[in-house]
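> Next come a sequence and a model predicted from it.
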Amino acid sequence: MAEGRFFVYGSMLRGEPNHGELAGSELAYAGRTKDGFAIVELPGMAGLVEASEGSVVGEVYVIDQALLLRLMAQRRHPGVFAITRIELADGSFAETFSLSEAQARGKRRGGGWGRGVE
């Protein structure tokens, strides 16, 4: 990924505590996942997981490989998040941080991330 689109949600949205991790990136647009995703609560942040229904509201940024590597290194839960290519509601695709269903099992879904889940 020389330069690509990255979907953020939860604590990385504008106005949220981890938004500063996106310094140097360009906001492309506000978007949402296609139906079939949910947010689960983790300590101090959210995780995206595939679900039977629902979509997640977020923002799409244009980032480069160097920023992607920094984001991966800055996550406070090393080894928890995977980088996954997901489809957005508009039919386009973006990379994002995601969790496996096994990692999300037992975690509260929906979370308190304001506009993050519909």
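Happy to help now that I have it. Residues are numbered from 1 along each chain as shown.

> tell me the strands in the chain, going along the chain?
With DSSP state E as the definition, the chain shows strands at residue ranges 3-8, 26-32, 37-42, 45-50, 57-64, 82-87, 93-98.

> any chance of those in CSV, with mean neighbour count and mean pLDDT too?
For glycine as for every other residue, the C-beta is placed from the backbone atoms N, C-alpha and C. CSV is the format used below for the strands of the chain (neighbours: other Cβ atoms under 10 Å; pLDDT from 0 to 100):
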stretch, mean neighbour count, mean pLDDT
strand 3-8, 20, 92
strand 26-32, 15, 95
strand 37-42, 22, 85
strand 45-50, 22, 84
strand 57-64, 20, 95
strand 82-87, 14, 92
strand 93-98, 20, 93
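
> Make JSON lines out of those strands and add distance to residue 18.
Converted to JSON lines, these look like this (distance: least, Cβ to Cβ, whole Å):
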{"stretch": "strand 3-8", "distance to residue 18": "9"}
{"stretch": "strand 26-32", "distance to residue 18": "15"}
{"stretch": "strand 37-42", "distance to residue 18": "12"}
{"stretch": "strand 45-50", "distance to residue 18": "7"}
{"stretch": "strand 57-64", "distance to residue 18": "12"}
{"stretch": "strand 82-87", "distance to residue 18": "16"}
{"stretch": "strand 93-98", "distance to residue 18": "11"}
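
> Quick one: closest of these to residue 14.
Proximity to residue 14 (Cβ to Cβ) singles out strand 57-64 among the strands of the chain, at 6.7 Å.

> Other residues contacting the closest one?
Taking contacts as Cβ atoms under 8 Å, 6 or more residues apart in numbering, the residues outside strand 57-64 that touch it are 1-10, 13-14, 22, 25-33, 71, 88, 94, 96, 115-118.
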